[in-house]
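S.K.: any chance you could fold what I've pasted below:
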Amino acid sequence: MNESTLIACLGQVDAESAGEVFREYLRGTVREMLISVMAEEVALLTGRKYRPQADNEFYRAGSAEGHVLVEGDSESVRRPRVRRKQPGGSTEEVRLETYAAAQDPGQLHDCITRALIAGVSGREMSEVLPDSPGTSKSNVSRLWKKVGADYVEKFRARDIASQDWLIMMLDGIQLSSDQTAIAAIGITSDGEKVVLDFELGSTENYEVCRDLLARIVSRGFRTGQPLLTITDGSKALRKGVRQHFPDAVIQRCLVHKERNIRARLSKRDWGELARLFKRLRDVEGAKAAAEVVAELESFLGNCNAAALESLREAGEELTAVHSLNVPSTLHKSLLSTNAIENSFRNVRRKIGRVSRFRSETDQASRWLAYALLEAEKGFRRIRGYRDLWRLKRALEQALELPEAAAPPPVAALPPAEPQPQA
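M.R.: Take a look at the predicted model:
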């Protein structure tokens with residue numbers, strides 16, 4: 001179809017049909033270009049047409065039916081054939097490099113991968129790309145195994161040894177009834193967020209957290225001061241952190257804690273609970289935080305004993321950031337695990353079409369590596385990042401605090417004299 005014919009056709013059809021006519025024109029143009037390029041390669045090998053050279057080992061051998069891939073679709077073409085003379089009078093066919101390149105499925109694989117990522121299942125791929133070879137369910141599955149494995153390798157090959165780390169957030173995401181993943185996000189002294197790694201297990205237990213942190217440390221994760229760690233309150237996460245970072249400052253996520261306490265209260269008390277927790281997030285410094293915690297204890301003591309016990313269970317972890325006396329501009333980012341929760345929200349959008357995670361394969365690792373890398377593309381620096389230098393200084397001072405602030409030893413007192421009995 002030439003340009004004048006195309007213009008005539010476009011003037012006679014509606015917008016939807018015009019788009020198909022235009023796409024057909026582009027496919028035909030690409031097909032003609034490929035044929036022209038193959039003809040150029042033949043000319044380079046054999047010389048000009050109808051002027052064979054007697055001493056040339058290559059010669060034309062007609063043409064044959066073939067196919068090339070154009071935008072992932074298989075297109076039929078007449079491919080030229082070239083043969084090469086061999087010692088002894090025999091000949092062999094030469095595979096043209098241009099024809100081999102035109103059959104390269106790389107573009108098709110990219111199309112299939114993008115469709116999978118967009119939520120198209122392997123069974124539906126042949127409907128999305130009806131004219132493309134290699135779109136059967138088994139072929140798509142094999143392709144995704146390879147692409148997904150590349151995602152995992154790329155994810156864990158990234159350099160995390162050269163950054164200046166200040167903060168780590170840990171939380172779990174449940175993939176199925178028998179599979180859970182714990183993920184870790186690191187925050188640098190510049191406020192940049194990076195997904196460090198993840199580990200799969202049946203539950204959010206200590207062994208899974210230990211293995212996750214061990215791999216992160218083995219990849220070169222280091223801090224020049226105690227690490228501020230923010231968790232949801234899981235004992236397994238706290239134990240794993242203490243094993244690998246004994247001097248870490250652990251902050252309990254206030255969103256999780258408020259949610260846990262609210263579950264024990266009647267609805268009429270939710271408003272006052274939310275007000276007090278908002279005050280706790282807004283106040284600055286250890287003294288002000290202690291006053292709000294005292295108000296919380298007084299309020300919960302008159303409402304529900306189990307709720308009060310839940311509050312007291314957090315202990316010093318409830319106000320760990322406040323105790324560092326850093327600016328309240330950092331509270332929005334450091335008093336909860338919202339940064340990692342938002343990542344999980346994006347992960348669920350990406351893997352929502354996966355109906356079953358097979359624990360006997362690396363399926364979950366492939367999807368998680370892809371989804372976390374995609375979620376990371378939307379990361380921004382944390383709020384208040386300009387004040388992180390104050391947090392760094394406070395953490396450095398916290399390392400020296402226990403020894404410097406230790407009270408002087410108390411002199412031994414003489415035994416008390418026995419009192420006369422009445």
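S.K.: quick one, what contacts residue 185?
M.R.: By CB atoms under 8 Å, 6 or more residues apart in numbering, the residues touching residue 185 are 168-169, 193-196, 339-340, 343. Bear in mind the C-beta positions are built from the backbone N, C-alpha and C, glycine included.
S.K.: again, 10 Å this time
M.R.: Contact analysis of residue 185 by CB atoms under 10 Å, 6 or more residues apart in numbering lists 167-171, 193-197, 230, 337, 339-340, 342-343, 372, 375-376, 379.
S.K.: put the buried members of those into a ChimeraX selection.
M.R.: Filtering these down to the buried ones (16 or more other CB atoms under 10 Å) takes a single ChimeraX command:
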select :167,168,169,170,171,193,195,196,197,230,337,339,340,343,372,375,379
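S.K.: which ones among the contacts of residue 185 are found in strands?
M.R.: Among these, the subset assigned to strands under DSSP state E consists of 167-171, 193-197, 230.
S.K.: state the pair within the residues you listed that is farthest apart.
M.R.: 197 and 230 (16.4 Å; CB to CB).
S.K.: now the helices for the stretch 151-300 of the chain?
M.R.: Taking DSSP state H, counting those that start in this stretch as the test, the helices found in the stretch 151-300 of the chain are 206-218, 235-244, 254-262, 270-282, 286-301.
S.K.: for residue 153, find the nearest of these.
M.R.: helix 206-218 (13.7 Å).
S.K.: buried sites along that closest one?
M.R.: Of the residues in helix 206-218, those buried by neighbour count under the rule 16+ other CB under 10 Å are 206, 208-213, 215-216.
S.K.: how about low-confidence regions in the chain?
M.R.: 1-34, 37, 52, 68-74, 98-148, 350-361, 399-422 (pLDDT under 70).
S.K.: for residue 157, what are its contacts?
M.R.: For residue 157, the contact set (CB under 10 Å, 6+ apart) comprises residue 219.
S.K.: and residue 64, helix, strand or coil?
M.R.: Classification of residue 64 by DSSP: H, G, I helix; E, B strand; the rest coil places it in strand.
S.K.: that one is in contact with residue 80, isn't it?
M.R.: Yes: using CB atoms under 10 Å, residue 64 is in contact with residue 80, at 8.5 Å.
S.K.: settle it for me: which of the two has more neighbours?
M.R.: residue 80 (22 against 11; other CB atoms under 10 Å).
S.K.: quick one: the strands in the chain?
M.R.: Using DSSP E, the strands of the chain run over 58-70, 73-85, 91-94, 165-176, 179-188, 193-201, 228-231, 249-252.
S.K.: among those strands, which is the most enclosed?
M.R.: strand 228-231 (a mean of 26; mean count of other CB atoms under 10 Å).
S.K.: tell me the strands beside it, with direction?
M.R.: Strand 228-231 sits in its sheet next to strand 165-176 (parallel), strand 249-252 (parallel), going by DSSP bridges.
S.K.: residue 96 is nearest to which of those?
M.R.: strand 165-176 (47.7 Å).
S.K.: tell me the angle of the closest one relative to strand 179-188?
M.R.: Calculated by axes from the mean of the first three to the mean of the last three CA atoms, to 10 degrees, strand 165-176 forms an angle of 160 degrees with strand 179-188.
S.K.: got a markdown table for the buried residues of helix 206-218, with distance to residue 156 too?
M.R.: Shown next, in a markdown table, are the buried residues of helix 206-218 (distance: CB to CB, whole Å):
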| residue | distance to residue 156 |
| --- | --- |
| 206 | 22 |
| 208 | 16 |
| 209 | 17 |
| 210 | 17 |
| 211 | 13 |
| 212 | 11 |
| 213 | 14 |
| 215 | 8 |
| 216 | 10 |
